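Asks: Model the following, please.
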Amino acid sequence: MTTETKIRTAPNSKESEMMVLGCMLTSLNSLQEASEGLDDSDFYFTEHKIIFQSLKKSHKNGKPADVHLICEDLKAQDKLKSVGGVSYIVTLAQYAGTSAYIEEYIDIVKNKALLREILYVSQESEKAALEDPENASHLLDELGIKVKSLESRQGKKIPIIDTSERLKREDGFLSKYRGQKYLGLRVKTIEEFNENFLGLRGLMLLAAAPNVGKTALTVQTAIEVLLTEKEACLAYFSLEMSEEQIFRRMLLNLSGLNLEARSSKLWTMKVTPLSLH
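Replies: Predicted coordinates for the structure are as follows:
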């Protein structure tokens with residue numbers, strides 16, 4: 001009797017990884033989308049990890065990234081040959097062509113990465129359980145923590161920015177507004193807030209579960225401050241939403257349209273954020 005042995009590999013999609021890298025090489029928008037939505041650990045193939053690291057570094061430093069520039073960067077790191085040389089970088093760019101579906105490719109790569117992590121967690125848990133530990137509850141708690149960690153990573157990854165460094169960069173902008181007093185500013189449409197917190201004052205931290213209206217509340221408050229306070233100056237930073245998304249929310253708030261009414265023409269128009277002086 002002959003037994004056919006099937007070799008099983010961890011979930012991956014080489015084609016999708018190639019498409020992501022190819023799109024990053026040929027499109028600034030794709031470079032930004034993938035750099036902010038993926039980590040090198042999401043890639044299964046080592047050569048793809050290395051190429052992605054180079055592309056992401058270029059994006060982070062505000063530099064352009066094309067076939068020639070990435071090849072030069074990899075050559076300087078003595079890694080060009082290990083990823084397949086110039087010919088493979090060119091192949092990636094040609095493979096992607098002018099594709100505009102970067103979001104779909106990113107989702108596939110992230111999904112495969114998540115499956116690999118699930119597989120790893122399950123294998124580690126199986127190994128630990130086979131050792132027949134005395135405290136099974138402790139093992140279950142550890143498994144729960146790992147599963148929660150995986151769940152939290154399903155969404156888009158948000159880059160962590162050192163707040164103190166960001167404030168230093170904005171120091172020049174904020175310095176001319178120091179000394180102005182807005183303590184106790186009343187938010188007219190939210191009476192319960194005024195009664196319980198005596199209006200906006202000092203440094204306030206708003207925290208809540210996802211999708212319960214934190215952004216909606218802060219956007220509404222920001223608009224009211226600008227409309228009701230003649231000398232108000234407001235800077236709105238978001239690590240989760242783009243400038244265009246925040247501006248659309250402001251337009252919806254001012255227009256009175258339902259935020260969920262995505263069929264509205266407002267969602268299909270091209271929005272150019274305005275500068276307030």
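
Asks: does Gln123 sit in a helix or strand, and which one?
Replies: Using DSSP states H and E, Gln123 sits in helix 102-130.

Asks: Quick one: list the elements packing against that helix.
Replies: Secondary-structure packing of helix 102-130 (3 or more Cβ pairs under 8 Å, 6 or more residues apart in numbering; DSSP states H and E): helix 14-26, helix 28-37, helix 136-152. All C-beta atoms are positioned from the backbone trio N, CA, C, and that covers glycine.

Asks: Would you format those helices as TSV with distance to Asp66 and mean pLDDT included?
Replies: Shown next, in TSV, are the helices and strands packed on helix 102-130 (distance: least, Cβ to Cβ, whole Å; pLDDT from 0 to 100):
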stretch	distance to Asp66	mean pLDDT
helix 14-26	6	94
helix 28-37	10	90
helix 136-152	35	79
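
Asks: Make sure Asp73 is indeed in a helix.
Replies: Yes. Assessed with DSSP: H, G, I helix; E, B strand; the rest coil, Asp73 lies in a helix.

Asks: hey, C-alpha coordinates of stretch 94-104 in CSV?
Replies: In CSV, the C-alpha atoms belonging to stretch 94-104 read as follows (Å, rounded to 0.1, in the frame of the first residue of the first chain):
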residue,chain,number,x,y,z
GLN,A,94,3.9,45.0,-14.1
TYR,A,95,1.8,42.4,-12.2
ALA,A,96,-0.4,45.1,-10.6
GLY,A,97,-0.6,47.2,-13.7
THR,A,98,-3.1,50.0,-13.1
SER,A,99,-5.4,48.1,-10.7
ALA,A,100,-7.6,50.3,-8.5
TYR,A,101,-8.7,47.6,-6.0
ILE,A,102,-6.0,48.0,-3.4
GLU,A,103,-8.5,47.8,-0.5
GLU,A,104,-9.6,44.3,-1.6
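
Asks: re the thing from before, and the helix holding Gln123, how far out from the chain's middle?
Replies: Put simply, helix 102-130 sits 19 Å off its chain's centre (Cα atoms, centre = their mean, to the nearest Å).

Asks: can you tell me the average pLDDT over that helix?
Replies: Average pLDDT, helix 102-130: 90.

Asks: That helix: which residues count as buried?
Replies: 102, 105-106, 108-110, 112-114, 116-117, 121, 125 (16 or more other Cβ atoms under 10 Å).

Asks: rewinding a little: quick one, which of the helices and strands packed on helix 102-130 is packed in tightest?
Replies: helix 14-26 (a mean of 23; mean count of other Cβ atoms under 10 Å).

Asks: Cool, thanks, signing off.
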